[in-house]
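Participant: Make a model of this:
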Amino acid sequence: MRSLLRFWEDGVDTAKLVERLVRENALGKASRARTRDVLRGLFVSRYVEGRPPNAWRYLQPLERAGCPIENMKLLLYYHAARSEALL
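Facilitator: Modelled structure (predicted):
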């Protein structure tokens, strides 16, 4: 998720951005299908379309500024939990 925060861009259509990141293998996954699953199933659903919408906008500056990993993990988990009923 931290890598995706660095790559995500504002003002770009979500579907087009997902396809570009899949094509470029931004996550270094073994298959494009797995990369697509992570992007759509986890990142987009939690940090783009989740609660609150576009949470990535608040998290990205922290990630880019080098926020300590312990703090980022807590923030990412918090936003994941808000977007996932099971969590």
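Participant: Quick check: which ranges of the chain have low pLDDT?
Facilitator: In the predicted model of the chain, residues 87 satisfy pLDDT under 70.
Participant: show me where it has helices.
Facilitator: 2-7, 14-23, 32-37, 56-64, 69-83 (DSSP state H).
Participant: And the ones you listed: which comes nearest S45?
Facilitator: Between S45 and the helices of the chain, the tightest spacing by Cβ to Cβ is seen for helix 69-83, at 6.4 Å. From N, CA and C alone the C-beta is placed, and that goes for glycine too.
Participant: report the angle between the axes of the closest one and helix 56-64?
Facilitator: Angular relation of helix 69-83 and helix 56-64 on a 0 to 180 degree scale: 170 degrees, by axes from the mean of the first three to the mean of the last three Cα atoms, to 10 degrees.
Participant: Tell me, how many residues neighbour R32?
Facilitator: 12 (other Cβ atoms under 10 Å).
Participant: whoops, W8 was the one
Facilitator: W8 has 23 nearby residues by other Cβ under 10 Å.
Participant: for N71, same thing?
Facilitator: N71, neighbours per other Cβ under 10 Å, totals 10.
Participant: mind listing what the closest residue to it other than its chain neighbours touches?
Facilitator: Spatially, and ignoring its direct neighbours in sequence, N71 is nearest to L62 (7.6 Å; Cβ to Cβ, 6 or more residues apart in numbering). Counting by Cβ atoms under 8 Å, 6 or more residues apart in numbering, L62 makes contact with N71, M72, L75.
Participant: Could I get the contacting residues of R57?
Facilitator: Counted by Cβ under 8 Å, 6+ apart, R57 has contacts D10.
Participant: Please tell me how far the closest residue to G50 other than its chain neighbours sits from A33.
Facilitator: Excluding its sequence neighbours, the residue lying closest to G50 (Cβ to Cβ, 6+ apart) is S83, at 3.1 Å. Using Cβ to Cβ, to the nearest Å, S83 is found at 22 Å from A33.
Participant: Output the helices of the chain as TSV; include the columns distance to S45.
Facilitator: What follows is those, written out as TSV (distance: least, Cβ to Cβ, whole Å):
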stretch	distance to S45
helix 2-7	12
helix 14-23	11
helix 32-37	11
helix 56-64	12
helix 69-83	6
